[in-house]
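> Can you look at this prediction? I've put the sequence above it.
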Amino acid sequence: MPRYEYRCRPCGSTFELNRPMAESSAPAVCPEGHEDTVKLLSTVAVGGTATAPAPSGRAGGGGGCCGGGCCG
């Protein structure tokens, strides 16, 4: 379930709520009970590493645009 961040206008606090995407624009009440809140635009951080696949050991199988079988 996505996590959305909100800011309360009266008290200035920020808080997060887990809710379905269909309810992302629904009003949110801050933990202090204020109803005048605004949804914040959050940035997404994606971490991790990527590795290239190991060579298959086939001669001429360089991949490329045609799989290495028909390029000259």
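That came through fine. These numbers come from a predicted model, not from an experiment. Numbers count the residues shown, from 1 in each chain.
> okay, CA-based contacts and neighbour counts for the rest of this
Noted.
> which residues in this structure form strands?
Assignment of strands within the chain using DSSP state E yields the ranges 3-8, 14-18, 37-39.
> Looking at those strands, which is nearest to Thr49?
Closest to Thr49 of those is strand 3-8 (Cα to Cα; 23.8 Å).
> For the closest one, which residues meet the burial criterion?
Residues of strand 3-8 classed as buried: 4-8 (neighbour count, 16 or more other Cα atoms under 10 Å).
> for stretch 25-39, same thing?
28-30, 37-39.
> so which of the strands of the chain comes closest to Ala50?
With Cα to Cα as the measure, strand 3-8 is the member of the strands of the chain nearest Ala50 (25.6 Å).
> The closest one - contacts with which helices or strands?
Helices and strands touching strand 3-8, by 3 or more Cα pairs under 8 Å, 6 or more residues apart in numbering; DSSP states H and E, are strand 14-18, strand 37-39.
> List just the one of the ones you listed that sits closest to Thr51.
Closest approach to Thr51 among the helices and strands packed on strand 3-8 is made by strand 14-18 (32.4 Å; Cα to Cα).
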